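Q: What would the 3D arrangement of this be:
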Amino acid sequence: MTQGGIYHRARAEQLLIWPELRWGNIRPTDVDAFVDFRGDVFVWGEVKLRGKDVPQGQRIAMDNMRKVYADAGRKYLFFIAEHNVPCGQDIRLEDTTVRRYCWHGGYWKDCEILTRDLLSRFVSRFAHLKLKEAKDGQEQTSQEGGRHSQRRRHQ
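A: Next comes the predicted model:
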């Protein structure tokens, strides 16, 4: 596996555009980070350049998904993080800073915490998994990992 779970770097650098997919003001959005821990615990994240706001459509989508998970009795974490990494350089998700988050049963809260720390606390508490540190530049996964991680390991 390549660093960061990217298998085809050149393909990952391509932009996915959808100029004709629009229903009034509604159009597709992307998700920067998503992890599914065995269909019971979910993590969604959006990462922006420091000082940039999350567009209204993405905020609405995140709130609507939060409500779906809550109604289904699932545990969830939604977060908005920021970075200040120059163009052309990779952004390490774990080193970004979470500015807002909402987790299982709560409301959006402002904060300033490393994404790694927030995810570690949430996943440990609700998915009962510990974050493993990378060794020698090689990616490590949590014990059992989430569905997303399992799929990627087997590709």
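Q: can we go C-alpha only for contacts and neighbour counts from here?
A: OK.
Q: what residue is smack in the middle of the chain?
A: A33 (2.4 Å; C-alpha atoms, centre = their mean).
Q: who does that residue bridge with?
A: G45 (DSSP bridges).
Q: got a list of what it touches?
A: 43-46 (C-alpha atoms under 8 Å, 6 or more residues apart in numbering).
Q: Find the nearest non-adjacent residue to F34, please.
A: W44 (4.6 Å; C-alpha to C-alpha, 6 or more residues apart in numbering).
Q: low pLDDT regions in the protein?
A: Scanning the chain with the threshold set as pLDDT under 70 gives 1-3, 133-155.
Q: try it again with 80
A: 1-5, 105, 131-155 (pLDDT under 80).
Q: in it, which spans are strands?
A: Counting by DSSP state E, the chain has strands at residues 33-37, 41-49, 75-83, 97-103, 109-114.
Q: Determine the longest helix present in the chain.
A: helix 56-71 (DSSP state H).
Q: Show me the contact partners of that helix.
A: Identification of contacts with helix 56-71 by C-alpha under 8 Å, 6+ apart yields 26, 29, 75-76, 78, 104-105.
Q: In JSON lines, list these along with neighbour count and distance to G5.
A: Shown next, in JSON lines, are the contacts of helix 56-71 (neighbours: other C-alpha atoms under 10 Å; distance: C-alpha to C-alpha, whole Å):
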{"residue": "I26", "neighbour count": "9", "distance to G5": "30"}
{"residue": "T29", "neighbour count": "12", "distance to G5": "21"}
{"residue": "K75", "neighbour count": "21", "distance to G5": "24"}
{"residue": "Y76", "neighbour count": "27", "distance to G5": "22"}
{"residue": "F78", "neighbour count": "21", "distance to G5": "21"}
{"residue": "H104", "neighbour count": "18", "distance to G5": "27"}
{"residue": "G105", "neighbour count": "14", "distance to G5": "30"}
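Q: Closest one to K132 out of the contacts of A33, please.
A: V43 (17.3 Å; C-alpha to C-alpha).
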